[in-house]
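Q: only geometry, no sequence info:
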């Protein structure tokens, strides 16, 4: 059986891990929000580029073709960055949940220790 000091140390360690995981999740949330904004901006640019294509003479003279290709590339990059940010956020959330579960176990063990001491 563990001593009270070991249980308190485990609880402190678990709480610190949970706080670090929470900070990491907050950072990933900021990155995720930025990626979503970039994606929305690239998507809005795409909508603006599509109307240029419908102008008379645009079929024969394509001065903006390179611009459209660039906006497609920007949109693909924004999609990839958004997907990556979402995946990293999901991983950070899983780490935080694990840290919380460890903290809950340590708290329960310490509470059990306190109850056992109280009965004696």
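A: The structure has been received and is ready for your questions. Being a predicted model, the structure only gives us computed values, none of them experimental.

Q: outside of stretch 106-117, which residues touch it?
A: Here stretch 106-117 makes contact (CB atoms under 8 Å, 6 or more residues apart in numbering) with 2, 4, 7-8, 10-11, 13-14. C-beta coordinates here come from the backbone N, C-alpha and C atoms, glycine included.

Q: Columns pLDDT on top of those residues, output as CSV?
A: Output for these, formatted as CSV (pLDDT from 0 to 100):
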residue, pLDDT
2, 64
4, 83
7, 86
8, 89
10, 89
11, 90
13, 93
14, 92
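
Q: which among those gets closest to residue 35?
A: Residue 35 has its nearest neighbour among those in residue 14, at 30.9 Å by CB to CB.

Q: which element is that closest one on?
A: Applying DSSP states H and E as the criterion places residue 14 in helix 4-53.

Q: Which elements pack onto that helix?
A: For helix 4-53, the contact count by 3 or more CB pairs under 8 Å, 6 or more residues apart in numbering; DSSP states H and E identifies helix 65-119 as packing neighbours.

Q: quick one, the helix it packs on and helix 4-53 angle?
A: In terms of direction (axes from the mean of the first three to the mean of the last three CA atoms, to 10 degrees), helix 65-119 departs from helix 4-53 by 160 degrees.

Q: what's the distance between helix 65-119 and the middle of its chain?
A: Relative to its parent chain, helix 65-119 has a centroid offset of 6 Å by CA atoms, centre = their mean, to the nearest Å.

Q: sorry, back to before: filter the contacts of stretch 106-117 down to the buried ones.
A: Buried by 16 or more other CB atoms under 10 Å: 7, 10-11, 14, out of these.

Q: Quick check: of the residues you listed, which lies closest to residue 78?
A: For these, the nearest to residue 78 is residue 14 (38.0 Å; CB to CB).

Q: give me every residue that touches the closest one.
A: Counting by CB under 8 Å, 6+ apart, residue 14 makes contact with 99, 102-103, 105-106.

Q: Format those as a markdown table; extra columns: distance to residue 84, neighbour count and pLDDT.
A: Shown next, in a markdown table, are the contacts of residue 14 (distance: CB to CB, whole Å; neighbours: other CB atoms under 10 Å; pLDDT from 0 to 100):
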| residue | distance to residue 84 | neighbour count | pLDDT |
| --- | --- | --- | --- |
| 99 | 23 | 20 | 94 |
| 102 | 27 | 17 | 93 |
| 103 | 29 | 21 | 93 |
| 105 | 32 | 13 | 93 |
| 106 | 33 | 19 | 90 |
